Each structure stands twice: as structure tokens, then as C-alpha cells.
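1. my questions concern the predicted model and sequence given below.
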Amino acid sequence: MTYQDAYIYLIALGHIKRKEYLADHRACGWYLRRMQFLLNMLGNPERRIPHYIHVTGTSGKGSVCIMLASILRASGKKVGLLTSPHPSVLMERWEVNGKMMSEKEFTLLIEKLKPVLDKYLATTPYDMVSFSELMTAIALYYFAQQGVKWAVWEVACGGRYDATNIIPWKDVAVITNVGLDHVGILGDTKEKIAYEKAGIIKRGCQVFTAERDPKILKIIQRECKKTKTLLTVISTSIHRILSSRPREGSLAHQRSTDRDSSSARASLGMTSVLNGGLNGINFIYKNTLYHLPTLGAHQIKNAVLAIEIVRSLNIPTKQIQAGLAKIVMPIRMEVISRRPLIILDGAHNVDKMKTTVETMKTLKHKNIKTKRNNNSTIQQFNNLHLVIALAADKNAAVITRQLASLKPKSIACTHFTCNPFRRAADPAQLAKRFKKLLPKSQVKLFLDPRDALAWSRSKQKKSDVLLVTGSIFLSGELRNIFL
């Protein structure tokens, strides 16, 4: 069996008829029961992994998972990381100690899985497991095989009945935040979505969230009360922006505050951004300096959440600093080329796009400190060129307005071609929206995303920036061109 054979076999399983995720809210237990039936046949690999950190949320959950895994590795632990969806290739979903599964490992694993799936389908009282459930089963089997001690576990969608919630125990449950996404599956209000996400909270774990909405917190608190777990609410507010890095030994001058509640109910601290640009961000949190090799002040909020989680696991500060400094964030405002400047981004909902737009506006005019003027700015780039695709279920009206505020000089509207399970938005409709919003910009549609990228690059000068955004699948598909 070749890698291509294994890949086609796995993808084709997704076309077998089944009860789709949350299609029937009256019989939700079905999804986890069929998942457990398969794991029983695999020898219960989920019980061979001693520690789990389970992360859900509308925005930031993938970034928090990457940060947590990097910090745990820096502390000497053997770590398995499950994320979804994958940026470019399927094996990126499964990492052990920062190294993704190889094509050979994937092929051998599928060969072992094939007879088990035959037996499963012949004997199950349920129906065929979903693609997402298979991805989770593969992660558990592979991580157990590799002797992983800590699994950092990203929820695919929701939480309560998501396949990742099959794990029998967890050290930490994390809800980054709650916004309106996957409304056709999880519910049409934040409260309904919060209920689904709060379902990852189980007895015996610590619970962390950066959500601040009182209505949403009440739902999370209700779940914590039911499971007798302690909730820690993290403040991720950035209180002031500084234009340059402080002199060595001057951290005390930043007057960072540390007001931890003795009950661990709330964790508050002043967060100061020292500088940010293409080389990443330096920030102070609770009188400690950290570096993130990534773009966007929003990643500081994710880092603060990760810091508080690993502190609860008694990981020393130096190892936390080392882990954060080594993170790799594919297609999360990823600088894939510096001259000319090309950024690949996976923002695919209104909340995520808000941070992308804010980052681009900040990046264009970077604050610097000069002898003449302490508040000078330099222009990082001249014109913006945009390549965009959206999934069909996203709020195109709002997202196009958000991106229009950046006033791109050219816009290539396309769709992604790499995901057989997701329907892309019509690029002609995207182009129509942008032409109405930005009549002076060049707008063109392409059915091939590679053609869209090539056209945009032909418009870009060395002093311009090209941003690919709107879909993880679009940026992941185009990322292969640069690797």
C-alpha cells in the first residue's frame, strides 16, 4: 500500500452514509458511543495516555494548543498534539514532540486500521464513524504507540459530543472564548454554543477560560458546579502599548501588577506590549518578559492563557519562556516571504477576521522611538493586495466589509480545492461584494487559487504586501508553493 493509496482509502470512507454530527440533537450520545465502540476494537488506546489538556473555543484554540505543546516539550515531557484542520497535508494533524507523522507511519497505520474498520462495520450496532472521529482515533492509536505522556487536544467542533471528548480523563479543560461560528451545527446563539463547548468540562480537571461575557460565564460556571471543578477566569487585557524594548533590568519600571485570587477564581495581570513587527512580539506579563515569534497582538492573549494553564501544572518560568519563543504557527498571520512581503492567514470567521484586520493596520504603521520624536511611525508597506476564499457557511457580508476597511489595491476572489468535505463560497459573489464596496480597486475572480495567487503577485511591488486569508484551506493549499 502506498501513501496515496492510504490517503484515498481514508478520504473515501467519508462518503459512507452515517448519522452526521449533531444532525439530530435528540440522539447526541450516538456519536460518542460509536466512537467508543471503535476504540474498544483498537484496544482502548485512549487509556494508555496518562495526561490530557483539552481545548475548545471559537477563536484561538489552535494557537493555544500549539503554545501549550511547545511549553510542555520545553519542560522535558513527551507530547502529542492533535489539531484540526490541517494547514497543508493531512499528517500535520498529528505531532509527537513537534514532529508530524511521516507518510510511512501514516501508511503503516492505515494498513493496521483497515481490517479493524471492516470488522467494525460488520459488527457495530451504530453506523460508520465520521472523518473527524477517524482523525481522533488515529491520534489516540498513534500517540499511545509512540508512548506519549501528555496529549494536547484541540476540539474539532463544539465540545460536548465532539469525538475528542471521548477521552476518559483530563488534567485541564480550556474554553478560550465563545463566538458565533458553526451556527448551523452548534446553535444560533452564543448561549447555545457555550453549552456545547462547556461539555468538555469533566470531574477531576482544572478549567480555564478567557471569556468575559457574564452570560457565557454563567453557563460555564453551571457546568463547573455540576462537575465539582474549579474555574479560573483569565484576564487577557492589554493595558498599554510601549514603543520599544526596555533596558535590561528595567522590568520593575513597567509596574506590572499581579492580583491572583487566592481561590484561583480569577487571574489578573497587566500585560504590556514592548514591540511588535515581522520578527515577532515582546511583551511583559506579571513582571516577566516573553517573546512570541509571530504577528498580531491577539496572540499575546492566547499566550497569557497558556501561561496560566502551565503555571497550574508547576512548569518553571524559564521553560515557559523557552517554549513560547519556539512556537511555529502555520497560516496564522505567517510571514512566508519578506521581500516582497507575503502573509498567509487562516481567519475564517468574523471574530478571527477582526484580529487579522487589526494586525494588518498595526503592521502598516509601526511605532518606533527616535531621538527627535518618541511617537514616530514608519510605513511597513505601501499597497495591500488580497487573495480571498471563504467557506459557503461563513458570513461573507461582514467579512468582506472588514477586509474592505484595509482598502486593498487588488483583490483576487477564488475558492479552495483541497477539501472534499467543505463547500466554498462562490468567488463570483465575493467579487460582486468587493466591487460594490471598493469600486476603485482591481477585483478579479479565479476558479484556480494558484492562478489567483499568481495574478496578485504580478500586481505586487517590493514595497507592497500580499495577504492570503478567509480560509484555512485556501492558505494551506497555497502554502505548498512556498515550501
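-> Great, that's in hand. Numbering: from 1, shown residues only.
2. C-alpha coordinates for the helix or strand containing Thr359, CSV please?
-> Secondary structure from DSSP states H and E places Thr359 in helix 350-364. Taking C-alpha atoms only, helix 350-364 is exported to CSV below (Å, rounded to 0.1, in the frame of the first residue of the first chain):
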residue,chain,number,x,y,z
VAL,A,350,-15.9,37.4,11.9
ASP,A,351,-14.0,37.2,15.2
LYS,A,352,-10.8,35.9,13.7
MET,A,353,-11.0,38.4,10.8
LYS,A,354,-11.3,41.2,13.2
THR,A,355,-7.9,40.4,14.7
THR,A,356,-6.4,39.9,11.2
VAL,A,357,-7.6,43.4,10.1
GLU,A,358,-6.3,44.9,13.3
THR,A,359,-2.9,43.3,12.9
MET,A,360,-2.6,44.5,9.3
LYS,A,361,-3.5,48.1,10.3
THR,A,362,-0.9,47.9,13.1
LEU,A,363,1.7,46.4,10.9
LYS,A,364,1.4,49.0,8.2
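3. quick one: that helix to chain centroid distance?
-> Chain-centre distance of helix 350-364: 16 Å, with Cα atoms, centre = their mean, to the nearest Å.
4. try stretch 315-326
-> Relative to where its chain is centred, stretch 315-326 has its mean C-alpha point 20 Å off (Cα atoms, centre = their mean).
5. pull out the buried residues from that stretch.
-> Ile315, Gln319, Ile320, Gln321, Ala322, Gly323, Leu324 (16 or more other Cβ atoms under 10 Å). All C-beta spots, glycine's among them, are computed from the backbone N, C-alpha and C.
6. now those residues as CSV including distance to Leu32, secondary structure and pLDDT?
-> Below are these laid out as CSV (distance: Cβ to Cβ, whole Å; DSSP: H, G, I helix; E, B strand; the rest coil; pLDDT from 0 to 100):
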residue, distance to Leu32, secondary structure, pLDDT
Ile315, 31, coil, 97
Gln319, 35, helix, 98
Ile320, 34, helix, 98
Gln321, 38, helix, 98
Ala322, 37, helix, 98
Gly323, 32, helix, 98
Leu324, 34, helix, 97
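7. quick one: mean pLDDT over stretch 169-181.
-> Stretch 169-181 shows an average pLDDT of 90 in the prediction.
8. before we move on, back to that, JSON lines for the buried residues of stretch 315-326, including distance to Val398?
-> Listed next are the buried residues of stretch 315-326 as JSON lines, based on distance: Cβ to Cβ, whole Å:
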{"residue": "Ile315", "distance to Val398": "39"}
{"residue": "Gln319", "distance to Val398": "41"}
{"residue": "Ile320", "distance to Val398": "36"}
{"residue": "Gln321", "distance to Val398": "37"}
{"residue": "Ala322", "distance to Val398": "39"}
{"residue": "Gly323", "distance to Val398": "35"}
{"residue": "Leu324", "distance to Val398": "32"}
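9. which one of those is nearest Ala303?
-> In terms of Cβ to Cβ, no member of these lies closer to Ala303 than Leu324, at 5.8 Å.
10. gap between that closest one and Asp351?
-> According to Cβ to Cβ, to the nearest Å, Leu324 and Asp351 sit 23 Å apart.
11. same question for Leu363.
-> Here Leu363 is placed at a distance of 19 Å from Asp351 (Cβ to Cβ).
12. please apply the same query to Ile320.
-> Relative to Asp351, and taking Cβ to Cβ, Ile320 is found at 26 Å.
13. again with Phe446
-> 27 Å.
14. quick one: low-confidence parts of the stretch 101-250 of the chain?
-> The stretch 101-250 of the chain contains residues with pLDDT under 70 at 180-188, 237-250.
15. before I go, just wanted to say thanks for your time.
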